[in-house]
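Asker: My questions are about this predicted structure, shown below with the sequence.
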Amino acid sequence: MHHINLLPWREELRKRRQKDFGIAALGAVLVTAGVLVLVHMQFNSVIDYQQNRNRFLEEQIAQLDEKIKEINALDDEKKRLLARMQIIQRLQASRPEIVHLFDELVIAIPDGLYFEKLTQESGKVGITGYAQSNARVSSIMRRLAKSPWFNDPKLLEIKADAKADQNGLRLNHFSLQITQRKPEQQNQQEKPS
């Protein structure tokens, strides 16, 4: 019988399988490395995209911050202008008040009474002067109370003075205070709520 040696065939098959396995393993390593490189590139691309978006958003936020500063500056300017307008409107509205003040005082002054000093502050008018009698002071207070431009006359002080008028009558020094008002305020106060 002939001897058939099957070892070389098996040996070649084993070498071929090892070679195929090595090629397959090398292919798997190359494919895995390729996939890892692609994933890494994809992640870098996503990170770059997000960083670009973040830079864009930061630029837009900076522009909006500048606009907000401008708007705040405009609001401050608007408030200053409105305050000025209100002051001007108050001055404009109060301009005729001084005329009415003097007009009403001239009407209210009885004979035998004269003013020494007249002050106006925060809607209050202070009057000091001399009168020939207490009745004349009462008379001016009643007249001022009836005036649509004055309210709440208060006698602060009245005292006899050594000073005399041209007729030799002894004078009384007085001090009173009245509140200024506008006729519209009186009408609003009189209306029932």
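Answerer: In hand now; what should we look at?

Asker: which strand of the protein spans the most residues?
Answerer: Looking across the chain with DSSP state E, the single longest strand is strand 150-164.

Asker: pLDDT (mean, whole number) over that one?
Answerer: For strand 150-164, mean pLDDT is 81.

Asker: strands paired with whichever helix or strand comes after that strand, and their directions?
Answerer: Heading C-terminal from strand 150-164, the first helix or strand you meet, by DSSP states H and E, is strand 170-180. Sheet pairing for strand 170-180, assigned by DSSP bridges, gives strand 124-131 (antiparallel), strand 150-164 (antiparallel).

Asker: and residue 102, how far is that from residue 114?
Answerer: Computed as Cβ to Cβ, to the nearest Å, the residue 102 to residue 114 distance reads 14 Å. Heads up, the C-betas are built off the backbone N, CA and C, glycines and all.

Asker: name the element the most centrally placed residue in the chain belongs to?
Answerer: Centroid-nearest residue in the chain, with Cα atoms, centre = their mean: residue 79, separated by 7.1 Å. When elements are assigned from DSSP H and E, residue 79 belongs to helix 7-108.

Asker: which helices and strands does that helix pack with?
Answerer: Where contact means 3 or more Cβ pairs under 8 Å, 6 or more residues apart in numbering; DSSP states H and E, helix 7-108 is packed against strand 113-121, helix 134-146.

Asker: rerun that using 10 Å as the cut-off
Answerer: Counting contacts by 3 or more Cβ pairs under 10 Å, 6 or more residues apart in numbering; DSSP states H and E, helix 7-108 packs against strand 113-121, strand 124-131, helix 134-146, strand 150-164, strand 170-180.

Asker: Dump these to CSV, plus distance to residue 56 and mean neighbour count.
Answerer: Shown next, in CSV, are the helices and strands packed on helix 7-108 (distance: least, Cβ to Cβ, whole Å; neighbours: other Cβ atoms under 10 Å):
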stretch, distance to residue 56, mean neighbour count
strand 113-121, 61, 12
strand 124-131, 64, 19
helix 134-146, 73, 17
strand 150-164, 67, 13
strand 170-180, 63, 18
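
Asker: rewinding a little: compute the inter-axis angle for the helix holding residue 79 and strand 113-121.
Answerer: 180 degrees (axes from the mean of the first three to the mean of the last three Cα atoms, to 10 degrees).

Asker: what about helix 7-108, distance to the chain center?
Answerer: 28 Å (Cα atoms, centre = their mean, to the nearest Å).

Asker: Report the mean confidence score over that helix.
Answerer: Mean predicted confidence for helix 7-108 is 91.

Asker: picking up where we left off before, and for the longest strand of the chain, what's in contact with it?
Answerer: Identification of contacts with strand 150-164 by Cβ atoms under 10 Å, 6 or more residues apart in numbering yields 100-101, 104-105, 108, 123-128, 130-132, 134, 137-138, 140-145, 147, 170-181, 185-186, 189.
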